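>>> how would this look folded up:
(2 chains)
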Amino acid sequence: MANKLIKQMALPNSIANIFTARNIITAKDALSLTEFELMERLDVGMAEVKFAMAHISEVVCPPCQTALLLMEQRVRNERSAGHLPTRLRGLDEALCGGIPFGVVTELVGPAGIGKTQFCLKLSLLASLPANCGGLDGRVIYIDVESKFSSRRLVEIGIESFPEIFLKKGMAQEMAGRIVILRPTSLSEFTESLHHVQVSLLQKQVKLLVIDSMAALVLGEHECGASRQQALGWHVSFIKSLAEFSRIPIVVTNQVRSQIGDEPLTYSFQARSHSIKREDPAAYDSHLVAALGINWAHAVTIRLVLEARSGQRLIKLAKSPISPPLAFPFNITSSGLVLLDDDGIEMKGSEINTIHCQGQNALFNSEW
Amino acid sequence: MEVGMLPISASKRGKLLAAGYTTLHSISRASPSHLATDIGVSEDEACEILKYASQTSSMDPSIESSNASTLHGGQTAWTMLNEEKFATRITTSCGDIDNILGGGITCKEVTELGGVPGIGKTQIGIQLAVNVQIPPEYGGLGGKAIYIDTEGSFMVERVLQIAEACIEDMSEYSHHFHNNVQDCEVKLHPNSILENIFYFRVCSYTEQIALVNYLDKFIEEHKDVKIIILDSVTFHFRQDFDDMALRTRLLSEMALKLMKLARKFCLAVVLLNQVTTKYIEGSYQLTLALGDSWSHSCTNRIVLFWNGDERHAYIDKSPSLKSASAVYSVTTRGIRNSNSSCKRIKMV
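Numbering: from 1, shown residues only, chains lettered A, B, ... in the order given. The predicted structure follows:
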């Protein structure tokens, strides 16, 4: 939209020619200048500038829809009204059906907690035929840290859906729907994203998994502005991919330790409010999600996986459609399994914190 | 030079200066034909220049005409006081926040709401989009909403939840206050609430600017729009922008246009903003994004933050409201007052 040419917008010739003469070719060029600047550059009066800009804006502007139309479209065109069921009952209920289409869902947690396991399960679920509750489509799995294990994938498949997987040739077909890409640098990743965009249009891709986003970015740049910028483009691109093609995109993220003990506050908070301190026993495991606050704003749904006193929890840290619930889970041969479908309601900002206590317990998983 | 203030093309300005017209006063004294021959333009163009010169030389041409006899376009503080007293407000469904805001989000003003991810900005945005539609019998405006989504965080399932809860609250209200059973029937259906929310999905800053330009025409055609929610104003301006000075100029122009829309059509404009960290006075602190110049652009600024286990809304900047903070909570029914016991509220 932004790159639309001005001369194709049916403006009166006189003004259209002036735009071209001053090297303002696309709508983006015109809209990146304030009205006063345009007046100076084009050497025309304010009234003409306003008229031309109103016309260009109307052409470039996105179409209007009503919320009702959106809902009806989703219910009509999409499976489970636009959600990928995870088969974890409590989580699916909280998420109004499952991982939503068209938005970016993030899984963040310390190493070894089960993020990749969850991604494997989701990939399987997306490739299952519709009558088994899947999306009956292909999956693109971008595996940065080489953690994808096809053996484990088939094991999960056989344990969770024996009736499908033990049938002849089904395992091959399901596994055949999952395409794994292994970019080794950020630039390769960028290239893969472009290929993915093309595939989305041509083939029946129903899920994109990026495991993990943090590994790509953190290795490349030094801290600060250049990293934020590099990430910025990818964030917008991934989000627009998700929306355009109405597929769920699942991204995993790492954790890092927090600088300092106190949470960040605003300038007006400094002395007047008493900030409740966390339990001192929790000080040794002050972790936050990597990739910064910009990334945290950009993802729509954030699922935090953590371990507290040896118990693993999956928490809905950020979700516009769910209450702040935490579900205890375990990892079995059939992937992630919830121990309690009702969930524990977390008060306040506790839903956002990431713990990694009881490390030894993490290696006692059943499989 | 005063001639520089005229909204005419640079070459015409150059001709005026070359012919010796440096002040607006000197231009207005000339007759159209005289001006035309002096600077070498047609008589029509000379008339236009004279018209601009007489408009600009009076103070502040604003849209409202007034009973101020001395200055064209100005308003006396007394007329404005009456206007402000009866200014319409949109409730946020949280009594405490409404109290610190003097009744709710004010129409004719631009209010900015900012906070960390997950604090409830989109939730408040959706709540306002539903609440603006409350019919006048229940104390609302009965208007429509424009929701501009730059991040894709508008989830229709949530809007439906909040709309249903709002209708339930309204019928409960009428149960209490009306004896006639027929009056209790609320004629709103959740689908009609969804129908009255105009949704725009913006994918780049160019589209965002284009949309703000286009809104003038759109609202002319849909005069019952009473609130514009921009969620969030920051997102596209934070990615790939190398020229920060350009960003500041574009943002201030956008803010001015939104302010104009608010005043012209008597509607409320709510902008949702993100946060960033800044190194102030020896430590990292949270602050709203888009920089210092942007912080001047909005009329009111409310910061949403966590304090212990509770969500607070704090009025950071307002010309008329006192700096105060209120506690609120996000429930399945939407934004509500916070309960101290914090039970999970079940949908009826």
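
>>> after the helix or strand B:R311 falls within, heading C-terminal, what element do we hit next?
Taking DSSP states H and E as the criterion, B:R311 maps to strand B:310-317. Later in the chain than strand B:310-317, the nearest helix or strand by DSSP H and E is strand B:325-331.

>>> what sits up against that next one?
Residues outside strand B:325-331 that contact it (Cβ atoms under 8 Å, 6 or more residues apart in numbering or on different chains): A:323, B:92, B:94, B:96-97, B:99-100, B:120, B:123, B:310-315, B:335-339, B:342, B:345. For the C-beta atoms, the positions are set from N, CA and C on the backbone; glycine is no exception.

>>> unless I'm mixing things up, A:V75 is touching A:L68, no?
No. Between A:V75 and A:L68 there is no contact under Cβ atoms under 8 Å: 10.8 Å.

>>> who's more crowded, those two?
Using other Cβ atoms under 10 Å in any protein chain shown as the criterion, A:V75 and A:L68 rank with A:L68 on top: 20 against 12.

>>> residues near the closest residue to chain B within chain A, how many?
The minimum distance from chain A to chain B, using Cβ to the nearest Cβ, falls at A:G348 (2.8 Å). By other Cβ under 10 Å, the residues close to A:G348 number 17.

>>> excluding chain neighbours, what is closest to it?
B:D309 (2.8 Å; Cβ to Cβ, 6 or more residues apart in numbering or on different chains).

>>> what residue ranges in the chain score low on pLDDT?
Picking chain A for this. Across chain A, the ranges flagged by pLDDT under 70 are A:1-2, A:79, A:219-229, A:259-263, A:270-285, A:358-367.

>>> actually, chain B is the one I wanted.
Where chain B drops to pLDDT under 70, the residues are B:1, B:56-73, B:178-186, B:240, B:340-348.

>>> and the strands in it, which stretches?
Here chain B has its strands, by DSSP state E, at B:89-90, B:105-106, B:110-115, B:144-149, B:197-201, B:225-231, B:268-273, B:275-280, B:283-288, B:300-307, B:310-317, B:325-331, B:334-337.

>>> pick the most buried one from these.
Between the strands of chain B, strand B:268-273 has the highest mean count of neighbours, a mean of 27, where neighbours are mean count of other Cβ atoms under 10 Å in any protein chain shown.

>>> tilt between that strand and strand B:300-307?
Orientation of strand B:268-273 against strand B:300-307 (axes from the mean of the first three to the mean of the last three Cα atoms, to 10 degrees) gives an angle of 50 degrees.

>>> middle-most residue in chain A, spatially?
Centroid-nearest residue in chain A: A:V104, 2.2 Å away (criterion: Cα atoms, centre = their mean).

>>> and the closest residue to B:T88 other than its chain neighbours, what does it touch?
Spatial nearest neighbour of B:T88, chain neighbours left out: B:C107 (4.7 Å); criterion: Cβ to Cβ, 6+ apart. By Cβ under 8 Å, 6+ apart, the contact list for B:C107 reads B:A87, B:T88, B:R89, B:I90, B:L141, B:K226, B:I227, B:A262, B:C266, B:L267, B:A268.

>>> ok, B:C94 - contacts?
Applying Cβ under 8 Å, 6+ apart to B:C94 gives the contacts B:A326, B:Y328, B:S329, B:I335, B:R336, B:N337.

>>> what about the third one, distance to B:N337?
Counting by Cβ to Cβ, to the nearest Å, the gap between B:S329 and B:N337 amounts to 7 Å.

>>> picking up where we left off before, so what pairs up with the residue nearest to the centre of chain A in the strands?
In this entry, A:V104 is beta-bridged to A:I249, by DSSP bridges.

>>> that's a helix at A:A317, yeah?
No. Using DSSP: H, G, I helix; E, B strand; the rest coil, the assignment for A:A317 is strand, not a helix.

>>> that one - how many residues pack around it?
Neighbours of A:A317 (other Cβ under 10 Å): 27.

>>> with A:V255 instead?
23.

>>> ok, now A:F244?
Look at A:F244: counted by other Cβ under 10 Å, it has 13 neighbours.

>>> and if you look at A:S199?
Residues near A:S199, counting by other Cβ under 10 Å: 16.

>>> ok, how many other residues are close to the nearest residue to it once chain neighbours are set aside?
Leaving aside its sequence neighbours, A:S199 sits nearest to A:V205 (Cβ to Cβ, 6+ apart; 5.6 Å). By the measure other Cβ under 10 Å, the count of residues near A:V205 is 20.

>>> now A:A215
By other Cβ under 10 Å, 20 other residues sit near A:A215.

>>> run through the residues that contact B:G95.
B:N337.

>>> re earlier: for the contacts of B:C94, which two are the farthest from each other?
Longest distance between any two of those is 11.9 Å, between B:A326 and B:R336; criterion Cβ to Cβ.

>>> returning to that earlier point: between the contacts of B:C107, which is nearest A:I113?
Nearest member of the contacts of B:C107 to A:I113, counting by Cβ to Cβ, is B:I227, at 42.4 Å.

>>> for the closest one, give the beta-bridge partners.
On the basis of DSSP bridges, B:I227 takes part in beta bridges with B:A145, B:A268.

>>> ok, it - contacts?
B:90, B:105, B:107, B:128-129, B:132, B:143, B:145-146, B:267-270.

>>> residue of the stretch 201-348 of chain B closest to chain A, please.
Residue nearest to chain A within the stretch 201-348 of chain B (Cβ to the nearest Cβ): B:D309, separated by 2.8 Å.

>>> what's the neighbour count on that residue?
13.

>>> do you know how far it is from A:K167?
51 Å.

>>> with A:K239 instead?
For A:K239, the distance to A:K167 equals 38 Å [Cβ to Cβ].

>>> okay, these two: which has more neighbours?
The residue with more neighbours, out of A:K239 and A:K167, is A:K239; 23 against 10, by other Cβ under 10 Å.

>>> what sits against that one?
Contacts of A:K239 by Cβ under 8 Å, 6+ apart are A:V103, A:V104, A:A298, B:E151, B:G152.

>>> now those in a markdown table, with distance to B:M80?
What follows is the contacts of A:K239, written out as a markdown table (distance: Cβ to Cβ, whole Å):
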| residue | distance to B:M80 |
| --- | --- |
| A:V103 | 44 |
| A:V104 | 46 |
| A:A298 | 41 |
| B:E151 | 36 |
| B:G152 | 40 |
